[in-house]
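Enquirer: sequence plus the predicted model coming up.
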Amino acid sequence: MNTTIMASLLEAHARSLAQSWLEEVKKTDYMNTYRGLADGLVLQRGYNVYLMFQKWLKAGAEDKDIAVDFEAIGIQRYKEGFPLSEVMYALYLTKKVFWQFLITNEEVKKDFDLVRSAEALSVFNNYFDLGNFFIVRGYLNELSIHLNETEVINKEELSKILMKGGLSKETEKKASDQLYSSGFKIGVMY
């Protein structure tokens with residue numbers, strides 16, 4: 001499967017993928033901040049990530065093209081008060097939904113062969129893995145700006161920023177169990 005086919009799939013299915021992503025967000029225990037938003041806003045955020053993916057693929061899937069959009073997401077989520085763990089989990093769910101779509105869609109399955117599948121998987125992973133990197137970089141840069149302005153951050157603020165999302169210590173094992181069981185359920189281990 002080449003990037004043109006993947007971009008076409010995203011163009012045709014971005015809305016339904018975003019809807020599936022919203023359903024994942026609503027049913028997980030690890031997305032409390034996202035679930036506090038209106039469904040339409042959450043849906044739009046998922047849709048935007050799929051549109052960015054499509055745009056990136058059409059532009060040639062160059063790693064450097066990911067930075068601006070994902071760093072902006074990291075900055076925005078920091079300003080909105082999202083715990084970093086939730087932001088990271090949100091992108092994981094976006095990836096999971098798209099991968100499930102790829103491996104269960106009969107139209108897509110006929111286009112897969114071993115070499116093209118490996119190439120598609122590489123491109124797919126580059127997008128989401130680099131997306132995570134740039135989200136974290138944008139988020140932490142914004143945290144740095146905050147620290148430069150206030151020159152202090154207390155333990156409670158740091159805990160809220162980094163851990164008070166769905167992946168706090170109380171739920172770490174449950175999250176790990178869910179991540180791995182989800183990966184096994186669709187035949188892939190993340």
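Expert: The structure has been received and is ready for your questions. Bear in mind that the values here come from a model prediction, so they are computed numbers and not experimental data.
Enquirer: got the contact list for stretch 34-41?
Expert: Stretch 34-41 is contacted by residues L22, V25, K26, V42, R45, F82, E86, A90 when judged by CB atoms under 8 Å, 6 or more residues apart in numbering. All C-beta atoms are positioned from the backbone trio N, CA, C, and that covers glycine.
Enquirer: and it, which residues are buried?
Expert: Y34, R35, L37 (16 or more other CB atoms under 10 Å).
Enquirer: how many residues are close by M88?
Expert: 19 (other CB atoms under 10 Å).
Enquirer: where exactly do the helices run in this protein?
Expert: 3-27, 32-35, 39-58, 67-80, 84-104, 106-109, 114-150, 155-162, 172-185 (DSSP state H).
Enquirer: from the centre of the chain, point out the most distant residue.
Expert: E151 (30.9 Å; CA atoms, centre = their mean).
Enquirer: what sits against W21?
Expert: L43, G46, L93, T94, V97.
Enquirer: so who does the third one touch?
Expert: Spelled out, that is L93. By CB under 8 Å, 6+ apart, the residues touching L93 are W21, E24, V25, T28, M31.
Enquirer: wait, isn't the second one in contact with K95?
Expert: No. Contact status for E24 versus K95: not in contact, 10.8 Å apart, counting by CB atoms under 8 Å.
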